[in-house]
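let's see this in three dimensions:
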Amino acid sequence: MALIKSVRGKTPQFGEDCYFAENTTIIGDVISGNQCSFWFQSVIRGDVNAIRIGNKVNIQDGAVIHCTFEQAATTIGNNVSIGHNALVHGCTLHDDILVGMGSIIMDNVVVESNCLIAAGAVVLENTHCESGWIYAGVPAKPVKKISTERFNNTIHRISENYIKYSSWFK
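I've put the predicted structure just below:
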């Protein structure tokens, strides 16, 4: 069973039809929407600040979602895929975003809708990622423009696939 733990008087809350891998850890001030999935060894730590997660978000194996005490909460919109071993920390991710495997997104970053953060990218503090771009590198920079239609089709397909994958485990 997933470790879902209260801390400092805050207990995680979840929408309908969510999936929790047995070894995911979700702590404190975390609120998620519907049809979210929390995969193996992911950690969502709302112990020092709030974490808000929209609908159809998948947090894949080994990903860590955290924030900064009294300074930077984490907000994740709808249809967001957080890739394996990614670190999302004290930032805002709007809707329809793909965060690539092993990427790092730091405090006070804002990622607009229809963005892709490439695998291994490091998005430094206070960066603003504009809609319609792929951001890659260390530090992450916009490297390629993509159409909203093409990107939405990819992001929605991945979100729907993760809902399907989670049904295999329920």
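
show me what counts as buried in the longest strand seen in the chain.
Determined from DSSP state E, the single longest strand within the chain is strand 43-53. When burial is assessed from 16 or more other CB atoms under 10 Å, strand 43-53 yields the following buried residues: 43-49, 51-53. Just so you know, the C-beta spots here come from the backbone N, C-alpha and C atoms, and that holds for glycine as well.

what helices or strands is the helix or strand following it leaning on?
Downstream of strand 43-53, the next assigned helix or strand under DSSP states H and E is strand 58-59. Counting by 3 or more CB pairs under 8 Å, 6 or more residues apart in numbering; DSSP states H and E, the packing neighbours recorded for strand 58-59 are strand 37-38, strand 80-82, helix 148-167.

as TSV, those with mean neighbour count and mean pLDDT would be great.
As requested, the helices and strands packed on strand 58-59 are arranged in TSV below (neighbours: other CB atoms under 10 Å; pLDDT from 0 to 100):
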stretch	mean neighbour count	mean pLDDT
strand 37-38	28	98
strand 80-82	27	98
helix 148-167	15	89
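
first-to-last residue distance for stretch 72-89?
Between the opening and closing residues of stretch 72-89 we find a distance of 8 Å, counting by CA to CA, to the nearest Å.

could you list every residue that touches the residue nearest to Asn152 when sequence neighbours are not counted?
What sits nearest to Asn152 in space, not counting adjacent residues and going by CB to CB, 6 or more residues apart in numbering, is Asp96, at 5.9 Å. If a contact means CB atoms under 8 Å, 6 or more residues apart in numbering, then Asp96 has 77-80, 113-114, 151-152, 155-156 as its contacts.

ok, Leu98 next?
For Leu98, the set of contacting residues under the criterion of CB under 8 Å, 6+ apart consists of 80-81, 83, 115-117, 154-155, 158.

Gly132 contacts Pro142, correct?
No - counting by CB atoms under 8 Å, Gly132 sits too far from Pro142 to count as a contact (9.0 Å).

neighbour count winner among those two?
Neighbours were counted for Gly132 and for Pro142 using other CB atoms under 10 Å; Gly132 has more, 18 against 14.
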